[in-house]
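> next comes the sequence, and after it the predicted model I'd like to discuss.
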Amino acid sequence: MTRGDEPEVAARRSPSPDAPRGRVELLGVWKSYLEGGRRRTVLRGIDAVFEPGEFVAVLGRSGSGKSTLLNLIAGIDMADDGDVVIGGTTLSALGESARTRLRRRHLGFVFQFFQLIPTLTVGENIGLPLELVGLARDDAERRIEALLERVGLADRRGSFPDALSGGEQQRVAVARAIVHRPAVILADEPTGNLDSRAGASVLSLLRELTLEVGSTVVMATHSRAAARQADRVALIEDGQLRAMDARALPAL
Amino acid sequence: MILYRAHLRSLSTRPWQSVASVVGIALGVAVVVAIDMVNSSAQRGFEIANQALAGAATHRIVGGPAGLDEAIYRSLRVEHGLRRVAPVVEGRVRIAGAEGLWYRVIGIDPFAESGFRSYGSNGALDPVDLLRVPDSVYLTTDGARQLGTRAGDALDVLSGARRLRLEVIGVLESGAGGTGALGRVIVCDIATAQAILGMRGRLSHIDLTSDSSEIGAIEASLPPVATVVTVQSSATARSRMSEAFEINLTALSLLALVIGMFLIYNTMTFSVVRRREQIGVLRTLGVTRAEVFRGVLFEAFVIGCVATATGIVGGAVLAQGLLKIVTRTLNDLYFEVEVARATVGPVGLAKAVAIGIAATLAAAGLPALEAMRAPPRGLLSRSILERRARTVSRFAVAFGLVVVGAGTAVLTLSPDELLLGFLGLFLLMFGYAALVPFATTLLMAGAGALARRTAGIVTRMAIGSVSAALSRTGLAVAALAVALSATVGVGVMIGSFRLSVERWLHSYLRADVYISVAAESSGVDSRLVERVRALPAVASVGMGRRVRLEEQGRLLELFALDVDRRGFAGFQFTEGDPDRAWVAFRDEAAVIVSEPFAYRRGVGVGDEITLRTVVGERSFPVQGVYRDYGSDQGVITMSRDTYLEHWQDPVISALSLYLVDGATPEEVTDQLLAESEASADLRIASVGALREASLTVFDRTFTVTTVLRVIAIVVAAVGILAALMAIQLERSREFSVLRVLGFGPAQLWKMILGETAMMGLTAGLLALPLGVATAFALVHVINRRSFGWAMDFIAEPGLLLEAVALGLGAALVAGVYPAYRLTRAAPAAGLREE
């Protein structure tokens, strides 16, 4: 699916080897699970392209396959058929370690339940991806300081996550997702566990920071309010991905 | 670093579990360190004392049971012109008024000592005084201190039937040529020592400093009964006697460590399972599998370091307590050794550090692999985890059966190697542990079926939750089952051993009263023999002489016995025909050998044993093998006539008295005690008292085993407590839901305690087959290979029931705290947690 295309008519494409690093391509992706002895197909040959710097909301009901789609893009789950291509790299061609390296360098994550590491302080949680990519300590410190200022938690650097409110924890999670300037950020229901005010604040923060870095954002949500913040909205239904007009979103 | 900080802090989020892990491994390390310290200190004490006694001697001329004729020494000096030779008379005595204390008498020729023992030649003692003052002696500092004696005091020594008054003319200071290592020693000249020990005209041995080229010539000049051995081989032969005993102690200490490893395994697994989501997040963020693996091992490493440091300190303390028990057993059974303090050297410390940390890392290896395999975020739900645990438990059955098979094969088919025996036993335990989770599901299925007809919903839920949460309960039950089986195994082995010894004592000790001298070199006065024979209550008297011979660097015990057919019937033959053996024993210079001797030397009926005698080397046919728990080195028993003919040693060291009908052993014992001179170093005991004394020595031997067993149980209990608490506390959300649904505190108590009780009971029941198998292996393989003893196998039902009760009790105790905490917590708080 490219901007303006209908997924039903999108032809199966080949990966683009010289694609910019923030480009995400889904090429005929199928995924099914065994549940209670029966196979359930969640994604049925999805073709789509998310362009660099785009903020795309994937809207769908519970169990529609939103999280599965994100897991496939992250390379933490593999498609039964078809390919996921990130910045010209086909994930199925990579081994486990290479996928892990790709994740730590080029991807960032925001989860519904924040998923901060409880035994690390706010500063350490944000610094973790920088340490994984091997950034020099001084540079890392500067980035952490700057981001803490931006997310309004400069005075909470030494606090542990359980001392923060839900909204604050999600702001830390956003900072952690962006700190290493990834090409793609995957956000799975980032406002799902927040009240509407905190949710809106986190979303605008996410939007603001990713615009500065130029990251592509793919956000799974079932919230119409959250989806309206996106540049583009795609509805996932019956295993298919369909472009939606953000002004006419269905009730889920 | 941040990643390692996260792992480090996760240890402090569950302090009780971390503390339990540290305690488990620390106790294991402490026991290993303590046993190692005690063993090595005892060995070192023995070696140092030996070295102080031998001085610079390189070789030693030894003779038969009666020692050497002193004419041999004269001939070496005068006819062969040897200068670097020194005669020694050596033996043990007791001191009047100092009950229970043995003193070693060393008689030397102070003028021949130059170049040998430094205290004999460095001016610490005055040779002229020693020769001039009749019956004069020196005491070591230790010896003088323990008696409160000073120079100029008199000393009454008891040796066999003799009592002598000696004059202490000096105290050898500790620094004087290593006498500090000697312990309680009396140093005197040759003639005084001969008088004390009843060895007129005889020497215990002659020390030499010589290079190997001269030895052949010296040996050729000696009479047949004498031979030259190296001082080193002589010391090694003595110290090797206790080798199996020490290996057994080490193995038992390792058992405590293995149980401690289960504890680490449990804790780390729970820690990984609890953090599976967190690990998944880390993996999603780009942390590699290797980094996760290293992180979990890092946590274990930290636990290992703290536990090892604590264990080493604890071990040093424990060692001081065990030292007394172990050295007493070494003195009872093997050789004299006196060690004031157990110490640990750099090698011992390095070993402890390596063992503690390696054990912890090894135990954490599987959980670390599990963590490494954890897929990134969200894919591992509880139901998937449990489904996988059930699948794994089925595969584990096949794995466990293979390992049990391998263990059984190693135990039964391997050559007679003690360490292979222990390897087989550990494989057996490990393989069985792998069977436990699946067996638990089967038992729970059975209990569930029973409960459906007889019990209420709460009981059914308690039973159901054991197999429903197999990923957590399976391990805990396996660990408890292994710990309990070890206690059953060791308990049944000791029980079997004790009963076998009791039966043997009843058969072996047939006479009514026994008289013996405490020191083997001295003998029973011949006048006493006549007096005893003349007693109207005495029907007949058997005579015995027990000596140690040194043959080709090995020590062996020889027992010369003058008994009638009735006394001979006390031998329980495991090989050979008793009637035929009796005839050959009495008339044909045949010998019978004890089971350990036959086992260790690989001899049986029809074989011959060649020994050095005063008339040259002679071969003796073996006519029987008999059961004997008196010595694990083995004994050769021959008739006194055969012994006299070949060794010309008329000394008698023991008498056995058979009484006429109507006479009671106690009366005769009392009469003999009253009549014997107060000076005599005689042990006079009725058969009952002797059996009792033998069993006291037996129990003393196993004191250290019991101590180690108790420690192993404590380690297991700590582990189970930690594991069960973790299981229950992890389920606070589930219990909160039950509270919301209407469960009252009483029902929660019932459910939690019901579940832990089911786990304890299951562990107790599953421990029984492994416990009995362990006991079987200990009795028939480990003990046999250690000591050469075969014994009856007796599994007392009471002991088995005790293990089940212990499992149930430990599990119930473990359930109390979680039940208390969870029933007091507000349900809403539990629902918020996750």
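Now that the structure is in, tell me what you want to look at.
> and the pLDDT for residue 98?
Answering for chain A, as no chain was given. pLDDT for A:Ala98: 89.
> look at chain B instead
75.
> the helices in chain A, which residues?
Using DSSP state H, the helices of chain A run over A:66-74, A:96-106, A:122-133, A:137-150, A:166-178, A:196-213, A:224-227.
> what number of residues lie near the residue nearest to A:Asn193 when sequence neighbours are not counted?
Nearest residue to A:Asn193, sequence neighbours excluded (CB to CB, 6 or more residues apart in numbering or on different chains): A:Gln112, at 5.3 Å. Heads up, the C-betas are built off the backbone N, CA and C, glycines and all. Using other CB atoms under 10 Å in any protein chain shown, A:Gln112 has 18 other residues around it.
> lowest-pLDDT helix or strand in chain B?
helix B:827-832 (a mean of 57; mean pLDDT, DSSP states H and E).
> name the residues of chain B found near chain A, please.
B:1-3, B:5-10, B:13, B:277-278, B:281-289, B:375-379 (CB under 8 Å from any CB of the partner chain).
> only the buried subset of the residues you listed, as a ChimeraX command please.
ChimeraX command restricting the residues of chain B next to chain A to the buried ones, with burial defined by 16 or more other CB atoms under 10 Å in any protein chain shown:
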select /B:2,3,6,7,9,10,277,278,281,282,283,284,285,286,287,288,289,375,376,377,378
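> OK, contacts around the residue in the stretch 101-250 of chain A that chain B sits nearest to?
Nearest residue of the stretch 101-250 of chain A to chain B (CB to the nearest CB) works out as A:Arg104 at 2.2 Å. A:Arg104 sits next to A:Pro129, A:Leu132, A:Val133, A:His180, B:Leu285, B:Gly286, B:Val287 when contact means CB atoms under 8 Å, 6 or more residues apart in numbering or on different chains.
> also B:Pro134?
B:Glu167.
> pretty sure A:Leu102 contacts A:Thr89?
Yes. Counting by CB atoms under 8 Å, A:Leu102 touches A:Thr89, with 6.6 Å between them.
> residue of chain B nearest chain A, please.
B:Gly286 (2.2 Å).
> my read: that residue touches A:Ala98, true?
No. Applying CB under 8 Å as the test, B:Gly286 and A:Ala98 come out as separate, 11.4 Å apart.
> identify the contacts common to the two.
Contacts common to B:Gly286 and A:Ala98, judged by CB under 8 Å, 6+ apart, are absent.
> helix, strand, or coil at the residue nearest to B:Ser40 when sequence neighbours are not counted?
Excluding the flanking residues, the one nearest B:Ser40 by CB to CB, 6+ apart is B:Gly348, at 6.3 Å. Here B:Gly348 is recorded as helix under DSSP: H, G, I helix; E, B strand; the rest coil.
> again, but for B:Arg104
Under three-state DSSP, B:Arg104 comes out as strand.
> including distance to B:Pro621, could the helices of chain A go into JSON lines?
Shown next, in JSON lines, are the helices of chain A (distance: least, CB to CB, whole Å):
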{"stretch": "helix A:66-74", "distance to B:Pro621": "84"}
{"stretch": "helix A:96-106", "distance to B:Pro621": "73"}
{"stretch": "helix A:122-133", "distance to B:Pro621": "80"}
{"stretch": "helix A:137-150", "distance to B:Pro621": "85"}
{"stretch": "helix A:166-178", "distance to B:Pro621": "88"}
{"stretch": "helix A:196-213", "distance to B:Pro621": "97"}
{"stretch": "helix A:224-227", "distance to B:Pro621": "100"}
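> okay, now the unreliable bits of chain A?
A:1-19, A:36, A:246-252 (pLDDT under 70).
> give me the neighbour count for the spatially closest residue to A:Arg157 that is not a sequence neighbour.
Closest residue to A:Arg157 apart from its sequence neighbours, by CB to CB, 6+ apart: A:Gly123 at 4.1 Å. Look at A:Gly123: counted by other CB under 10 Å, it has 22 neighbours.
> so how far is B:Glu802 from A:Gly123?
Per CB to CB, to the nearest Å, A:Gly123 is found 56 Å from B:Glu802.
> the helices in the stretch 551-700 of chain B, which residues?
With helices called from DSSP state H, counting those that start in this stretch, the stretch 551-700 of chain B shows them at B:565-568, B:578-587, B:595-601, B:640-647, B:665-675, B:687-701.
> against which helices or strands is the longest one packed?
In other words, helix B:687-701. For helix B:687-701, the helices and strands in contact under the criterion 3 or more CB pairs under 8 Å, 6 or more residues apart in numbering or on different chains; DSSP states H and E are helix B:289-333, helix B:470-508, strand B:513-517, helix B:665-675.
> got the buried residues for it?
By neighbour count on 16+ other CB under 10 Å, the buried set for helix B:687-701 is B:Val687, B:Ala689, B:Leu690, B:Arg691, B:Ser694, B:Phe698, B:Thr701.
> kindly report the same for the first one.
Going by neighbour count (16+ other CB under 10 Å), the buried part of helix B:565-568 is B:Gly567, B:Phe568.
> how about the CA coordinates for that helix, as CSV?
Output in CSV follows, covering the C-alpha atoms of helix B:565-568 (Å, rounded to 0.1, in the frame of the first residue of the first chain):
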residue,chain,number,x,y,z
ARG,B,565,36.4,-74.9,67.8
ARG,B,566,33.8,-73.0,69.8
GLY,B,567,35.8,-69.7,69.5
PHE,B,568,36.5,-70.4,65.8
